[in-house]
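*Asks:* what follows is a predicted structure for the sequence shown.
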Amino acid sequence: DGGITQSPKYLFRKEGQNVTLSCEQNLNHDAMYWYRQDPGQGLRLIYYSQIVNDFQKGDIAEGYSVSREKKESFPLTVTSAQKNPTAFYLCASSIGQGGTDTQYFGPGTRLTVL
Amino acid sequence: GNSVTQMEGPVTLSEEAFLTINCTYTATGYPSLFWYVQYPGEGLQLLLKATKADDKGSNKGFEATYRKETTSFHLEKGSVQVSDSAVYFCAPTAGKSTFGDGTTLTVKP
């Protein structure tokens, strides 16, 4: 079955530590995205990538970093510079970044900073 | 930039009631319009979409019509079920997607 996997489902981190969230897709999609979701709020775009070895900042990129070395993978690192990292993180992909393209979402990773 | 205003929740309905969730947007150009649904503890999944004015998207009994003149894409369902309980997101998309804050729907038996 094709889809997007995110791991782990739950992640705990101590303050001051960096942590990397995994996102893998086998849909052969070019575009991938990272969103942050806080309770009662919509999704906010952190980073997106339209093609391998290229990515752009979204609306709330500060304190986060990404890489896109392979088409299938788009890991997100939450650095210690992110002031309020506790949130639900969603990864998505789409065939391209055209306006008609549906985004397919992973199940999410819930990060808690202790 | 793009923005979207979605009906505030939470919305609580009895089974078989009629559902409307309002969504209005501002966007440059002509966006495609999406409704996504999120079940508890999961990621979002596409519910329906419309790519041009007057198009109607439909799926699982839900419908929404792309109204360019009123910049709206209201979600409707004639008879909701308990299994429709979820959070619904309106997302106009012109290159990047802009997501509304989500409307939580609870359907009681």
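*Replies:* Happy to help now that I have it.
*Asks:* just checking, A:Gln82 touches A:Ala61?
*Replies:* No. Between A:Gln82 and A:Ala61 there is no contact under CB atoms under 8 Å: 10.0 Å. Placement of C-beta: from N, CA and C, glycine included.
*Asks:* in chain A, which residue sits closest to chain B?
*Replies:* Taking CB to the nearest CB, chain B has its nearest neighbour within chain A at A:Phe105, 3.4 Å off.
*Asks:* run through the residues that contact the closest residue to that residue other than its chain neighbours.
*Replies:* Once flanking residues are discounted, A:Phe105 sits nearest to B:Gly43: 3.4 Å by CB to CB, 6 or more residues apart in numbering or on different chains. Applying CB atoms under 8 Å, 6 or more residues apart in numbering or on different chains, we find B:Gly43 in contact with A:4, A:6, A:90, A:92, A:105-108.
*Asks:* which phi and psi values does B:Gly43 adopt?
*Replies:* When quoted as degrees, to the nearest 10, the phi and psi of B:Gly43 stand at phi -80, psi -180.
*Asks:* buried set for stretch B:80-97?
*Replies:* Residues of stretch B:80-97 classed as buried: B:80, B:84-94, B:96-97 (neighbour count, 16 or more other CB atoms under 10 Å in any protein chain shown).
*Asks:* my bad, should have said stretch B:40-53
*Replies:* Residues of stretch B:40-53 classed as buried by neighbour count (16+ other CB under 10 Å): B:43-44, B:46-51.
*Asks:* residues from chain A in reach of chain B?
*Replies:* Residues of chain A lying near chain B by CB under 8 Å from any CB of the partner chain: A:4, A:6, A:35, A:40-45, A:48, A:58, A:90, A:92, A:97-108.
*Asks:* just the buried ones out of those, please.
*Replies:* For the residues of chain A next to chain B, buried by 16+ other CB under 10 Å: A:4, A:6, A:35, A:42-45, A:48, A:58, A:90, A:92, A:97, A:99, A:101-106, A:108.
*Asks:* if anything else comes up later, I'll come back, but that's it for now.
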